[in-house]
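Enquirer: Show me how the following folds:
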Amino acid sequence: MSFKPMSTLRRGFGAFWRGLDATRRFVLNALFLLVLVILIVALSSGGPKPLGAKTALVLELRGDLVEEHSGDLRDALLSNVGGEVRRTVELRDLLNVLEAARKDENIGSVVLLLDELDGGGMAMLHEVGAAIDRVKAAGKPVVAWGGSFDQKRYLLASHATEVYMHPMGMILIEGFGHHRNYYRDALDKLGVTVNLIKVGTYKSAAEPFIANGPSQAASEADAYLYGALWQNYTGTVEKNRKMAAGALARGIDQLPQLMDASGGNAAKVALDLKLIDGIKTRDEVRSMMVKRGVYDEAAKSFRQVSYGDYLARHPQPAFGDAVGVIVAAGEITDGQGGPGTVGGRSTANQIRQAREDDSIKAVVLRVDSPGGSAYGSELIRRELELTRAAGKPVVVSMGNVAASGGYWMSMASDEVIADPATITGSIGVFALLPTADKVADKLGVHTAGVTTTWLGDAYNPLRPLNPRFGQLVQSSINNVYREFTTRGRRRAQDHPGENRRSRPGPRLDRRPGQERGLVDRLGSYDDALRSAAKRAKLGDDFRVTYVERPGTALERFLSMFGVSAAQVFTIR
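Expert: Predicted coordinates for the structure are as follows:
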């Protein structure tokens, strides 16, 4: 019998592939079985055990504060099975938890543990800070503790009733601003020519490729922006900590001397500056909370409920008239976009879904986007326009950034509400067309050929930029900018030159975005929800539903039981 190596190899590979496929199906079936067991246990347990009086809500926040999780249910499940923890906290979940705690008579206090909070934009931090303030106003003390605090963590901590820090900790408040690298000389040495085609004085994103330093317009805009953010930050901290105006900046200026005087003890410096109320280890904070609350024998600590457990106790209602929320967070693309990006077509589909849902009476678009595709932005704007024409109010809530395309999509709304720290508006449109014809000459590379029209090879990076092609791009860019200014709100149409330089201003009570008509008023995400509900005549007790991408079969199965994927698979 002859030996046929290829046939043997095919049979071997086939056996391997069948084994791999069987393993994949086994793993997925096992994960599904795990979900089923969790649901059966949850449903058969009769619900969570009621909380006792004087329970402390412990918010140990881990990861970035985000508008929506990136990834899907499978990613979350696999990471948790592998012993990892989802490293993001959704803003809406955190706000819901704090609001529920404010109303819950069994929640006596809140403990903020911020060591593992990695970041979040200023607007989102303001939202959480305002929610903490509402908890305090309800007579419930909030205690914040950290091993150390960076600038963002401390902004949240400053809202607490008391702030404590580890003896070896420090508070690092650096201010705002950064340095960019500029590559003009380096590109010239390499022989690369960067052709910039743009409209708008303040469109500075491409400057690093065509200059060796910032233009006067860019420096002016950056100084204005960072100055406004810094004044907002210091004003908020000084108000929260009952410090004199300017005290925070003076403390930073004197920091080397203060550190020398304290023998290098950063915690003592923070205490002397009244940034914290005391220096305590984590176990000392635990003992303090035991004395103030109720001792839990089983936990050997104070009576408490974790963030994840408390979130699971307060699912959002699934029936009744609602305000529908669509989150547009991330860079804008033309087509489909998952969590962390804004797909023009997929987000437009979500808006259309909200418009066609009879239970949704108004729409809130939550925007946190620096821009991206003009086409994708227009798809979203058009669907909002149609939603308003169908009689459903549309309110835009701006988060950290709603710039360029992020503002474009916001124009078709009844009202735009922005945080004081929101960066909004449009400052121009540009295209970068680099050419390396000089590099090709040095290397002895030549390009030639035949095309039926001049457009066939109009942009070739190995040849100088074709002036006719540059003219085409310039015309297109001018048209995009003209579309933006003429589709804008009335003030934007009257003063396009003013609005193209939109940026936060130095006053805490008002911003140029508001003064120039870019936004209607300053306010919070909750203000946007309430405005939408009022416009739809829903009253004060209204339901909020999030219109999101179509879920997987497993996610739809969970939703039948009123359980979200985040509640089941987020381990905290």
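Enquirer: Would you agree residue 439 is in contact with residue 187?
Expert: No: the criterion here is CB atoms under 8 Å, and residue 439 misses it with residue 187 at 10.1 Å. All C-beta atoms are positioned from the backbone trio N, CA, C, and that covers glycine.
Enquirer: pull the helix or strand with minimum mean pLDDT from this protein.
Expert: helix 496-499 (a mean of 38; mean pLDDT, DSSP states H and E).
Enquirer: which residues touch the helix or strand harbouring residue 125?
Expert: Following DSSP states H and E, one finds residue 125 within helix 122-137. Helix 122-137 is contacted by residues 65, 67, 91, 94-95, 98-99, 101-102, 110, 112, 120, 142, 152, 155-156, 158-161, 229, 232-233, 236, 240, 368, 398-400, 418-422, 524-526 when judged by CB atoms under 8 Å, 6 or more residues apart in numbering.
Enquirer: Buried among these? Need that as a selection in PyMOL.
Expert: Per 16 or more other CB atoms under 10 Å, the buried members of the contacts of helix 122-137 correspond to this PyMOL selection:
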select buried, resi 65+67+91+94+95+98+101+102+110+112+120+142+152+155+156+158+159+160+229+232+233+236+240+368+398+399+400+418+419+420+421+422+524+525+526
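Enquirer: Show me the contacts of helix 122-137 that map onto helices.
Expert: Per DSSP state H, helices hold the following members of the contacts of helix 122-137: 91, 94-95, 98-99, 101-102, 152, 155-156, 229, 232-233, 236, 240, 525-526.
Enquirer: Would you enumerate the residues in contact with residue 305?
Expert: Contacts of residue 305 (CB under 8 Å, 6+ apart): 51, 55, 56, 57, 58, 107, 313.
Enquirer: That one pairs with what?
Expert: Using DSSP bridges, the bridge partners assigned to residue 305 are residue 57.
Enquirer: per-residue confidence at residue 257?
Expert: Note on residue 257: pLDDT of 96.
Enquirer: Contacts for whichever helix or strand it is part of, please.
Expert: Residue 257 belongs to helix 255-261 when assigned by DSSP H and E. For helix 255-261, the surrounding residues in contact (CB under 8 Å, 6+ apart) are 251, 265, 266, 269, 272, 273.
Enquirer: Just flag the most distant two among those residues.
Expert: Using CB to CB, the two most remote members of the contacts of helix 255-261 are 251 and 265, lying 14.8 Å apart.
Enquirer: For the helix or strand encompassing residue 484, which helices and strands make contact with it?
Expert: Applying DSSP H and E as the criterion places residue 484 in helix 467-487. In terms of contacts (3 or more CB pairs under 8 Å, 6 or more residues apart in numbering; DSSP states H and E), helix 467-487 is packed against strand 193-199, helix 374-389, strand 429-435, helix 490-494.
Enquirer: what is the orientation angle of it with strand 429-435?
Expert: Between helix 467-487 and strand 429-435, the angle comes out at 160 degrees (axes from the mean of the first three to the mean of the last three CA atoms, to 10 degrees).
Enquirer: Now do the buried residues in helix 467-487.
Expert: For helix 467-487, a neighbour-count test (16+ other CB under 10 Å) marks 469, 470, 473, 477, 480, 481, 484, 485 as buried.
Enquirer: The closest residue to the second one other than its chain neighbours and residue 208: what is the separation?
Expert: Which is residue 470. Excluding the flanking residues, the one nearest residue 470 by CB to CB, 6 or more residues apart in numbering is residue 197, at 6.2 Å. Residue 197 sits at a distance of 16 Å from residue 208 (criterion: CB to CB, to the nearest Å).
Enquirer: So for the two, which sits in the more crowded spot?
Expert: Neighbours were counted for residue 197 and for residue 208 using other CB atoms under 10 Å; residue 197 has more, 21 against 17.
Enquirer: Kindly calculate the angle that the helix holding residue 484 makes with strand 193-199.
Expert: For helix 467-487 against strand 193-199, the angle by the same axes, to 10 degrees is 30 degrees.
Enquirer: Just the C-alpha atoms of helix 467-487, please, in PDB.
Expert: Only the C-alpha atoms of helix 467-487 are listed here, as PDB (Å, rounded to 0.1, in the frame of the first residue of the first chain):
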ATOM      1  CA  PRO A 467      -2.600  71.300  -7.800                       C
ATOM      2  CA  ARG A 468      -5.900  70.300  -9.400                       C
ATOM      3  CA  PHE A 469      -6.300  67.500  -6.800                       C
ATOM      4  CA  GLY A 470      -5.500  70.000  -4.000                       C
ATOM      5  CA  GLN A 471      -8.200  72.300  -5.400                       C
ATOM      6  CA  LEU A 472     -10.700  69.500  -5.300                       C
ATOM      7  CA  VAL A 473      -9.900  68.700  -1.700                       C
ATOM      8  CA  GLN A 474     -10.000  72.400  -0.700                       C
ATOM      9  CA  SER A 475     -13.500  72.700  -2.300                       C
ATOM     10  CA  SER A 476     -14.700  69.700  -0.500                       C
ATOM     11  CA  ILE A 477     -13.400  71.000   2.900                       C
ATOM     12  CA  ASN A 478     -15.000  74.400   2.300                       C
ATOM     13  CA  ASN A 479     -18.300  72.700   1.600                       C
ATOM     14  CA  VAL A 480     -18.200  70.600   4.800                       C
ATOM     15  CA  TYR A 481     -17.500  73.700   6.800                       C
ATOM     16  CA  ARG A 482     -20.200  75.700   5.000                       C
ATOM     17  CA  GLU A 483     -22.700  72.900   5.700                       C
ATOM     18  CA  PHE A 484     -21.800  73.000   9.400                       C
ATOM     19  CA  THR A 485     -22.200  76.700   9.800                       C
ATOM     20  CA  THR A 486     -25.400  76.900   7.700                       C
ATOM     21  CA  ARG A 487     -27.000  74.000   9.400                       C
END
